[in-house]
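Asker: Got a predicted structure here, sequence first:
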Amino acid sequence: MSDLPIPAILTGASAHALPEVSPQSAQLSAPVATTAPLISPASMMADLSPSEQIIAGLVRNGYAVVPDYLPPRLAGALRREAIRRDRRHEFALAAIGREDQRQQDASVRRDRTCWLTGDSPAQQALHADLEQLRQGINRALFLGLFDLEAHFAIYHPGAFYRRHLDAFQGNNARIVSMVLYLNPGWVPADGGCLRLWPSPRARRPAFDVAPVSGTLVCFLSEQIPHEVLPAFSDRLSIACWFRRNMTTAERTDPPVTG
């Protein structure tokens, strides 16, 4: 992968110079187009390994889509765990913003989430795989990815998440965002596609991604706006972020507990 040119958006100086938009600001300029092409992920760089596809996509476009990234057995185990935890009422309505500005706003997002804590074999297998991916991205792109945070997300019929960036105003720790889908037998009538835009100021979306089980979508958190279109059947996924270390003289990252 060393022959791929690394654009300015992947260098530290340029990334910090770009404007950051908080996830709660659904007030990003409304796109002119109301539809976007539904891509066929299998046609995207299929001659490369999954990690190579991700690295190449981040370099060239700021995003990558890899079908069948999760083996069916692991995807099935994670799906069953999500359903089981939801039945035990471990999911909560998702919020927007951070710290003292954190709030629930049904006009922006209506999904329910449950954080992954690594306390099941399926979660541990997923974490081990993503740890290898984190190390591979760091070796290729020098992004300083430090750790992972992740949660299950359930979108019941009618739920959505309006256009946003995975970046907070000020100190944003999230560098690379990922979504892994857990929906076997998905059909277009189920809805819930992920819509990506090529840049924060883009007025036309790039494409939609079907939430088919096993598919991985990966993109630069501060660069690529995205939206979850309304679901018409239950839609399960795992949202993940590779983070930079935000430790300062006043604050330890991650926070010291216990």
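Answerer: Everything's here; your move. Because the structure is predicted, anything quoted here is derived from the model rather than measured.
Asker: Kindly list the main-chain dihedrals of residue 79?
Answerer: phi -60, psi -50 (degrees, to the nearest 10).
Asker: For it, give me its contacts.
Answerer: Neighbour list for residue 79: 182, 183, 184, 213, 236 [criterion: CB atoms under 8 Å, 6 or more residues apart in numbering]. Just so you know, the C-beta spots here come from the backbone N, C-alpha and C atoms, and that holds for glycine as well.
Asker: Now, of those residues, which are buried?
Answerer: Using 16 or more other CB atoms under 10 Å as the burial test, the contacts of residue 79 include 182, 183, 213, 236 as buried.
Asker: contacting residues for residue 209?
Answerer: Per CB under 8 Å, 6+ apart, neighbours of residue 209: 38, 39, 41, 65, 193, 194, 195, 196, 215, 217.
Asker: State the number of residues packed around residue 120.
Answerer: Using other CB atoms under 10 Å, residue 120 has 15 neighbouring residues.
Asker: May I ask which two of the buried ones among the contacts of residue 79 are separated the most?
Answerer: 213 and 236 (8.7 Å; CB to CB).
Asker: Can you pull the residues that touch both of these two?
Answerer: Residues touching both residue 213 and residue 236 (CB under 8 Å, 6+ apart): 79, 181, 182, 183.
Asker: Export those as a markdown table, with columns for distance to residue 71, secondary structure and pLDDT.
Answerer: Formatted as a markdown table, the shared contacts of residue 213 and residue 236 follow (distance: CB to CB, whole Å; DSSP: H, G, I helix; E, B strand; the rest coil; pLDDT from 0 to 100):
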| residue | distance to residue 71 | secondary structure | pLDDT |
| --- | --- | --- | --- |
| 79 | 13 | helix | 98 |
| 181 | 13 | strand | 98 |
| 182 | 12 | coil | 98 |
| 183 | 15 | coil | 98 |
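Asker: now, among the residues you listed, which is nearest to residue 133?
Answerer: Nearest to residue 133, judged by CB to CB, of the shared contacts of residue 213 and residue 236 is residue 181 at 16.4 Å.
Asker: roughly how far apart are the closest residue to that closest one other than its chain neighbours and residue 69?
Answerer: In space, and not counting its chain neighbours, residue 181 is closest to residue 211: 4.3 Å by CB to CB, 6 or more residues apart in numbering. Noted for residue 211: a distance of 13 Å to residue 69, by CB to CB, to the nearest Å.
Asker: what residue ranges in the stretch 51-200 of the chain score low on pLDDT?
Answerer: Residue ranges of the stretch 51-200 of the chain with pLDDT under 70: 97-103, 168-171.
Asker: so where do the helices sit in it?
Answerer: Along the stretch 51-200 of the chain, counting by DSSP state H, counting those that start in this stretch, helices occupy 72-87, 121-141.
Asker: now these in TSV, with distance to residue 164?
Answerer: Output for the helices of the stretch 51-200 of the chain, formatted as TSV (distance: least, CB to CB, whole Å):
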stretch	distance to residue 164
helix 72-87	22
helix 121-141	22
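Asker: Of all these, which one comes closest to residue 53?
Answerer: helix 121-141 (11.0 Å).
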